[in-house]
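> Predicted structure and sequence below. I'll ask about it afterward.
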Amino acid sequence: MPELPEVETTVRGIRPALLNHRIVDVWLDWPQGLATPDPEVFQARLKGQRIREVTRRAKYIIVTLEADSLLIHLKMTGRLYVVPDDSQQYADQWVHFRFQLDNGYQLRFSDSRKFGRVYLVDDPAIVTADLGPEPLDPAFTLEAFQRRLARRKGKIKPLLLNQSFVAGIGNIYADEALHLAGIHPIRSASTLSEDEIVALWQGIQSVLADGIAREGASVNWYRKPDGTKGQAQNGLRAYGQTGRLCQTCQQAAIEKIVIGQRGTHFCPNCQRETHYGR
DNA sequence: CGGACAACCTGGCGGC
DNA sequence: TGCCGCCAGGTTGTCC
């Protein structure tokens, strides 16, 4: 479930310990998690490189080195920890990568389901080329959102999960954004009114910003780099709230359906299937 | 382009 | 208590 807010929180958490330090050693026991290059090349190229910057693009963590970029995608159950190199804390059996730094700290990548992926490339665009706009970037204007939406005919929920449409939204924040905007997740993108598009554009930015402010949603697996939970799960109004009274209208219980093979939560009163305009 | 579905994995949980 | 089988969801790839 790491989505944009969880990945952003992770970046902020690991950045201070990493910045301007060198990677002096690399250990891994899950070569399949390494998308590119081969482990031997990976280790050889990483050793000695100084970390210039730690940033995020969509759900990718980008560690910019002197000559290369290290990209990490947490997928479903990935966690990054920064701990003293001899720490037994957060040395669980799911740690598959360890990056030893020159300051006595270790960056550990733990991933119980092994869906996560690590890339070492000379240009991060090799990995991020097909991603859509960053929803919290100033360039993500209402006009830009309207323009992208205009060409789409599919259901709005799967569209929000499409990373080439808008980058960084996952199942939790898609449900939250649609709930905030009062839009039924099964609605076709082409039927949204002007007002609904504005509400959705604002809703996306609002739920993501709130998620970051609360340091991510630890619905189950997600943890911050210090091992503690985020708090965004406490502010969710739709995701995981099945059967609970809607906090927005206090008129109906949140329902769960499946759209595009994804569990989808919504309020049948706030989010009407035949709610065109308002 | 869109929709359906399988694949990648394994912990957690409901049901019996 | 123990076992079985399903569910969870980010992303890619395949097929229609």
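Received, thanks. Note that the structure is a prediction, hence the values are computed from the model and not measured.
> quick one: terminal-to-terminal distance for stretch A:58-73?
10 Å (CA to CA, to the nearest Å).
> Contacts (any at all) between DNA strand B and it?
No - using CB under 7 Å from any atom of the strand, we find that stretch A:58-73 stays clear of DNA strand B, coming within 11.5 Å at best. For every residue, glycine as well, the C-beta is placed using N, CA and C.
> Please determine how far the closest residue to residue A:3 other than its chain neighbours is located from residue A:86.
Among residues not flanking residue A:3 along the chain, residue A:170 sits closest, at 3.5 Å (CB to CB, 6 or more residues apart in numbering). Here residue A:170 is placed at a distance of 35 Å from residue A:86 (CB to CB, to the nearest Å).
> how far away is the residue in the stretch 101-250 of chain A positioned nearest to DNA strand B from residue A:107?
In the stretch 101-250 of chain A, the residue that lies nearest DNA strand B is residue A:154 (2.9 Å; CB to the nearest atom of the strand). Distance, residue A:154 to residue A:107, using CB to CB: 38 Å.
> what about those two, which has more around it?
Between residue A:154 and residue A:107, counted using other CB atoms under 10 Å, the more crowded position is residue A:107 (26 against 13).
> Verify the stated contact: that one with residue A:80.
Yes - assessed by CB atoms under 8 Å, residue A:107 is found in contact with residue A:80 at 6.4 Å.
> just to revisit the earlier point, which of residue A:170 and residue A:86 has more neighbours?
residue A:170 (22 against 8).
> which residues does the more buried one contact?
For residue A:170, the contacting residues are A:1, A:2, A:3, A:4, A:59, A:161, by CB atoms under 8 Å, 6 or more residues apart in numbering.
> Go back to those and keep what's next to DNA strand C.
Here is what survives when these are matched to DNA strand C using CB under 7 Å from any atom of the strand: A:1, A:2, A:3, A:59, A:161.
> Leaving out the residues flanking it, which one is nearest to the last one?
Spelled out, it's residue A:161. Leaving aside its sequence neighbours, residue A:161 sits nearest to residue A:174 (CB to CB, 6+ apart; 5.6 Å).
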